[in-house]
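A.B. asks: sequence plus predicted model, see below.
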Amino acid sequence: MNKRNGILFLVLALLCVSAAAQPAPTCSTVMGQELTAPGEIPSGSDHVLRGVIDVREENRTFIDYRTTTTPTTYTCTKRLLRAYHGYRGFSLDPKDRVTPTGIATGGPTLRAAVGDKVEVILFNHIDITQFSLTSATGHGFFGEDCDTSITTTGAQKYPNRSATNPEDFPNCFHASNTANLHYHGTHVSPDGFGDNVLVSVLPNRNLDTAATLKFLTDSYSQPNPTASVQAAAAASLDAMRKTANDQKNAVLTKQLDGVIGANNEAKKHGLWPQYWPGWYPTSFTLPVDPGKLPSMGQSPGTQWYHSHQHGSTSAQLLSGMSGLFIITGDYDDKILRLGGGTPAKPKIKEKVMIFQKFSDQVNLVNSRPGITTLIEVNGQALPKVTMKKGEVQWWRMANATISQHGEERFLFLTKAAYQDLVDHPEKLKSATKYPGNGRAEPAEPPTRSASEVPTFSETANDGVQFTWDQFDAGKEQLQFLLAPGSRVDALVKAPATEGEMVLVAWTPLIGPKVSTGPPAVTDVRNIAILTVVVSGNPADENTTLPAQAAFPVRPGFLADISAADTNERHRALTFSMENGPGGRAPFAQFKIDGKKFQEGTLDQIMLLGQTEEWTLYNTSLVGVMHPFHIHVNPFQVVETYDPSTMSAPQAPKFPLWRDTIPIPAAILDPASPIVDAQGNHIVPGHVKIRSRFVDFPGTFVLHCHILGHEDRGMMQLIQIIDNHTSVKHH
Ligand SMILES: [Cu+2]
C-alpha cells in the first residue's frame, strides 16, 4: 500500500506555473502528479475495524510556495514532524503499514460501515528530547507551562504576556508531545474508550510496545476489560516514573508525580483517568438507525479523525495528525451505482481528499515569514485529477487545515484566468473594497462558466447526506463553501471541452486592513489546491447526475427539527475575539461568553434525550468566522445572519445538518447599542441551530475549529446528563 514511497525525486519544474530558472531540489513529496488515495485500514469481514495508529516524529518533506526569494518559488522543505503511522490489524509490522514514510501526509483512511465496531490502538512514541517537554499537567514544574519560542535575536517571542495578553495555562500552546484521537463526525459515547478527547496520551519511548500490543489485543476479546486496562495503565505510569527517577530526570519525575496524582484524584471521584502511558485503546460501535426518534444512528458519510490535545491541536494538525474516516451505508451504496455500476464495481470514480497544510512551527506565533504553506491533498502538492469530457466523479473532501479565515470559497479557475492572476497579482488587491464597517469585500474571482470549468453538485455536508430536494436545489454550482473541520461531498462534472482548470481556496484578501486581519493572500499560487485535466471522450466513465429514484433516502433519524420540537429550550453563546497589542490575531484573546476554557467547570449541561435551539453569536470584527463545532450529536442550521450582506436573518429553504458551522463575523455600526470589549459599536453575526442531545450521556467539548483559537481558550467543557434515576421517594 505504500504507493507513494517509491515516487521520489520529482522535478518541481513540471509545473509550468512556476517561474523560470527554478532550482530543482529533490523531494519525497510529489508535485503535479495524478492524485492517489491515502492507504486504508478497512473493517474486516467480521465487521470490526482493527488498526494501530503510531505517533512518531520523522523528517518529512512538504512543499512551500516561497515569496521571499527572487524569483518566487516552490520549495521543498524537510522538517521534523509528528505523524500518524497507520497499520492494518493489531500490528506494528512494517508489512502491515499503510502510510508512507518521509512525506508529510495524514494518517491512514479508516473505512467502516454503520453497525461496525471500531478498535484502534493509539501509541505515542514521540521522543521527548526532540519536542519541547512542556507541561501536560500545568503544575508549574518548569516555571513556564506554555511552549516558548524566540526571535532570531534570541528574545522570547511567545508567550509575550501583558495585561491584555495573559496567555494563561492551559489556554496557551503547550503539550506538543502529548496526543489523543478525536473521531470527528461520529455519534458515539464521548466517555471511556469512546470518542474521548479528555484523555492525554503521554509520550513513552521506553514502552515494551510488543507486550503492550499483545495485552491490548487480548483485552479486546475480554467481556469487560476496563478494570484490567486501567490497572495496566497505572502500572505503566509507575514504571515511567521509576525510569525517570532512575535516570535522575527530576523534571520528568516531578511531572509524572503530578500525572499519577491527578489520575488517583480522578479515580477517587469515580472519573475516567486523564493521563495514559503512551498507549490508548479506542473501542466503539457505529450505531445503526434505531428507527425511534429522538434517538439517532451514525450518519454514513465522510468523517475524519484528528489530534485533540488542548494546547496542541493546531500544531499537531500542522504536523499532519489527521486522517479520513469513511463510514459506509446506504448513502454511498446508492451513489456508487451511478452510471450503471455497483458498489463492488463502480463506474463512478470516488476520490477521497484530505486538505492539509504542513509546518513544524511550535506555535502560531513563530511562523516563518514569506513562506505560505500550500494546501496539500493526501500529502501531494498541486496534484492532478484526470477527467474525461463530461465525466461525473464523486469527490469526498475534508478540510483538515486550521485556516484563519473560518470559511473559504472553493472554486475552479480556467488555466488562462489563473495564469493571468499569476502574472498580474495586483488585480487581486485593487479589486478589494473596504466599506469601513470592519469587514472587507474581497475581490471577486474571475468570471467562469460551466462550459469552462467543472461544476459541483453537493451530496453531503459534514458527513451528513442531503435530501433529494436539497441536492436538486443546489445542483451544478460553480463553487462550494468549506470551513476548517468541515467536509463536502460533491458530484463533480467536467466541462464538455478539453482543458486544464485549477481548484483554488478563494481568500485573496479579507480583513479591515491587511495588517490587522488574518494573513492575506497576495499571490494566487498560495491558494491553488489541485488541477483538473479534461481530455478525451468518456468510454466507461459515469457521466450522469442522479435522478430522484437513484438518490439515497435520508434516514428517518435526520428528520428536520421543528421549533416546536425544541419545546422552548433555548441557549445563546457568544464567540468573541478580543484584540491585544496592535490588534493582531496572534495576540488576541479568544473567548466564549466572555471566558476562556476552564478546567473543572461545566459551561453547558443538557439533559439526555432533549432537543434544544441555540443561537451562536460572533462579535469579532476582523472578518473571522469562528467555525462552531460540537462533538457527539450533529445539528441543523435553521437561521443565518451575516450583517455585512443581509438586512435581516435568513432561514434556509432546506436546513442543513452539520457538525461544524462558521458563524458570520460582526460589522461596525455606530447606531448599534451593542458594544464589544474594545468599546466598538457592533452588529454581531449569528447562526441558529437545533440539536437532539440523545443516546450518549457524557462529558465532552464544543469549540471553534480554527484550532489556534481553540488552543487558546475558545472552547467549553459540556455535559449531557441522564436524568433517569433509580432513586425513589414515596
Ligand atoms: Cu475561532
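C.D. replies: Perfect, thanks for sending it. Predicted, not measured: the structure shown is a model, and the values here were computed from it. Numbering: from 1, shown residues only.

A.B. asks: buried ones in the longest strand that the chain contains?
C.D. replies: The residue-count maximum for a strand in the chain (DSSP state E) belongs to strand 48-66. Buried residues in strand 48-66, defined by neighbour count with 16 or more other C-beta atoms under 10 Å: 49-57, 60-66. C-betas here are computed from N, CA, C, even on glycine.

A.B. asks: what is the distance between the longest helix seen in the chain and the centre of its chain?
C.D. replies: In the chain, assigned by DSSP state H, the helix with the most residues is helix 226-246. Mean C-alpha position of helix 226-246 versus that of the full chain (C-alpha atoms, centre = their mean, to the nearest Å) differs by 32 Å.

A.B. asks: before we move on, the earlier item: dump the longest strand of the chain to PDB, restricted to CA.
C.D. replies: Output of strand 48-66 as PDB, limited to C-alpha atoms (Å, rounded to 0.1, in the frame of the first residue of the first chain):
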ATOM      1  CA  VAL A  48     -14.700  -5.000  13.200                       C
ATOM      2  CA  LEU A  49     -12.100  -2.300  12.100                       C
ATOM      3  CA  ARG A  50      -8.800  -3.200  13.800                       C
ATOM      4  CA  GLY A  51      -5.800  -1.000  13.400                       C
ATOM      5  CA  VAL A  52      -2.900   0.700  15.100                       C
ATOM      6  CA  ILE A  53      -2.000   4.400  14.800                       C
ATOM      7  CA  ASP A  54       1.500   5.000  16.000                       C
ATOM      8  CA  VAL A  55       2.600   8.600  16.700                       C
ATOM      9  CA  ARG A  56       6.300   9.100  15.900                       C
ATOM     10  CA  GLU A  57       8.300  12.000  14.700                       C
ATOM     11  CA  GLU A  58      10.100  11.800  11.400                       C
ATOM     12  CA  ASN A  59      11.900  14.000   9.000                       C
ATOM     13  CA  ARG A  60       9.300  14.600   6.300                       C
ATOM     14  CA  THR A  61       9.100  16.800   3.200                       C
ATOM     15  CA  PHE A  62       6.400  19.100   2.100                       C
ATOM     16  CA  ILE A  63       6.300  21.900  -0.500                       C
ATOM     17  CA  ASP A  64       6.000  25.600   0.300                       C
ATOM     18  CA  TYR A  65       5.400  28.400  -2.000                       C
ATOM     19  CA  ARG A  66       8.100  31.000  -1.100                       C
END
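
A.B. asks: which other helices and strands contact the longest helix of the chain?
C.D. replies: Under the contact criterion of 3 or more C-beta pairs under 8 Å, 6 or more residues apart in numbering; DSSP states H and E, helix 226-246 touches helix 209-220, helix 250-268, strand 275-276, strand 279-285.

A.B. asks: any idea of the mean pLDDT in it?
C.D. replies: Helix 226-246 carries an average pLDDT of 96.

A.B. asks: with stretch 477-491 instead?
C.D. replies: Averaging pLDDT along stretch 477-491 yields 96.

A.B. asks: and Met387, backbone torsions?
C.D. replies: Dihedral pair for Met387: phi -130, psi 150, per degrees, to the nearest 10.

A.B. asks: start the count at 357, not 1, going forward
C.D. replies: Shifting the count to begin at 357 puts that one at Met743.

A.B. asks: wait, what's in contact with it?
C.D. replies: Contacts for Met743 (C-beta atoms under 8 Å, 6 or more residues apart in numbering) come out as 749, 810, 848, 850, 888-890.

A.B. asks: now it. Nearest residue, chain neighbours left out?
C.D. replies: Leaving aside its sequence neighbours, Met743 sits nearest to Ala850 (C-beta to C-beta, 6 or more residues apart in numbering; 4.0 Å).

A.B. asks: count of neighbours near the one you found?
C.D. replies: By the criterion of other C-beta atoms under 10 Å, Ala850 has 27 neighbours.

A.B. asks: could you check how far it is from Ser655?
C.D. replies: 28 Å (C-beta to C-beta, to the nearest Å).

A.B. asks: for stretch 613-625, the distance to its chain's centre please.
C.D. replies: 31 Å.

A.B. asks: now it: average pLDDT?
C.D. replies: Averaged across stretch 613-625, pLDDT comes to 93.

A.B. asks: could you name the helices and strands sitting against the longest strand of the chain?
C.D. replies: With contacts taken as 3+ C-beta pairs under 8 Å, 6+ apart, strand 404-422 sits against strand 396-398, strand 429-444, strand 465-469, strand 473-480, strand 727-729.

A.B. asks: what mean pLDDT does the third one have?
C.D. replies: Right, the one you point to is strand 465-469. 98.

A.B. asks: which of the contacts of Met743 are close to the ion?
C.D. replies: Checking these against the ion by C-beta under 5 Å from the ion, not one of them is in range.
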